[in-house]
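Undergrad: Predicted model and sequence follow; I will ask about them next.
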Amino acid sequence: MRAYVIGNVAIDETISVLSMPEAGASILGREETRDLGGKGANQAVVMSRTGLPTTLVTAVGEDFRAETIRGQLAGEAVDARLLGHPDRSSDFSIIFTTPDGENAIVTTTASAEAMTLAEALAPLEDAATGDLVVLQGNLSENVTRGILAEARRRRLTTAFNPSPLRPYFAELWPLIDIAFLNKGEAESLTGSSGEAAIHRLAEAGVAQIVLTLGGNGAILANGNRVLATVPALSTEVIDTTGAGDTFMAVALASAALRGTPLDPRAIRHATAAAAITVSRRGTRSAFPSSSDLARILAGE
């Protein structure tokens, strides 16, 4: 099995602040890290570190950030398909992080939204039935809808994280096999929370749902049936950037590597991996290493 992660890549600049800025305020901050990021790249890098064959399809400009992106991805096992768009700037994110580890992110999507449907679909010519297609919310509406429709036609398994939120996401559920949402995303897209949100997603056609609840753990459901509630691990929270991407990537990879549907063991593995990410600063530099993930995936 191979995972095709079609999404964005960015350079993340993390700034430490005592509190989040309010409108009109000027505050002091300190740059903590400059790192490879972007939800698509994050998920692809972590998946590849588990040993799952992973292709990343993403777009960049032709600028100094693109060179940094190429250099950092060259050090990973991921098969990176970087689509160059010379008329666009490579995407970047400004991340504000507070002493308690919470963050707020401002990200650009000029390159991600420049990706055409033909560019996005080309790598899927090599996909086999049952391969994973993994999407997030940074691509254009036309491309996102087109990828999901083509994946369904090819009998590929679709996994979707609706972040950042877009108004049309609620229309995509019939094309999605596995949805990963946090509490806020679930409430925004369904008008409900907890198991009520899970029921709404199941009724809309999503086969499997993972609802993450931060420090309260995560819920895994098959349709309307809750399979497990997995508690979060107790750990010092330094920086939550990339934790959700780590969680999703490891959950999918754990199940794929064992040849099973998403199960409680996969969620436990994802929880352990995310605990490592939140205990470190940065994005790529905070992800579990290949050896970390081999240890996690060997456990129950």
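TA: Ah, there it is.
Undergrad: Just name the shakiest helix or strand of this protein by mean pLDDT.
TA: With mean pLDDT, DSSP states H and E as the measure, the helix or strand of the chain carrying the lowest mean pLDDT is strand 103-107 (a mean of 86).
Undergrad: Now that strand - C-alpha only, PDB.
TA: Output of strand 103-107 as PDB, limited to C-alpha atoms (Å, rounded to 0.1, in the frame of the first residue of the first chain):
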ATOM      1  CA  ASN A 103      -0.600  28.400  19.200                       C
ATOM      2  CA  ALA A 104      -2.300  30.500  16.500                       C
ATOM      3  CA  ILE A 105      -1.200  30.100  12.900                       C
ATOM      4  CA  VAL A 106      -1.400  32.500   9.900                       C
ATOM      5  CA  THR A 107      -0.600  30.700   6.700                       C
END
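Undergrad: For that strand, which helices and strands make contact with it?
TA: Applying 3 or more CB pairs under 8 Å, 6 or more residues apart in numbering; DSSP states H and E, one finds that strand 103-107 makes contact with strand 92-97. C-betas here are computed from N, CA, C, even on glycine.
Undergrad: the inter-axis angle of the strand it packs on versus strand 103-107?
TA: Here strand 92-97 runs at an angle of 170 degrees relative to strand 103-107 (axes from the mean of the first three to the mean of the last three CA atoms, to 10 degrees).
Undergrad: ok, now which ones touch Arg70?
TA: Residues counted as contacts of Arg70 (CB atoms under 8 Å, 6 or more residues apart in numbering) are Val60, Ala80, Leu82.
Undergrad: top of those residues by neighbour count?
TA: Among the contacts of Arg70, Val60 has the most neighbours (other CB atoms under 10 Å), with 29 neighbours.
Undergrad: Can you identify the element that follows the one helix or strand Val57 maps to toward the C-terminus?
TA: If you go by DSSP states H and E, Val57 is part of strand 54-60. Scanning forward in sequence from strand 54-60 by DSSP H and E, the next helix or strand is helix 64-73.
Undergrad: That following helix: how far from the chain's middle?
TA: Centroid separation for helix 64-73 versus its chain: 20 Å, with CA atoms, centre = their mean, to the nearest Å.
Undergrad: Sounds good, over and out.
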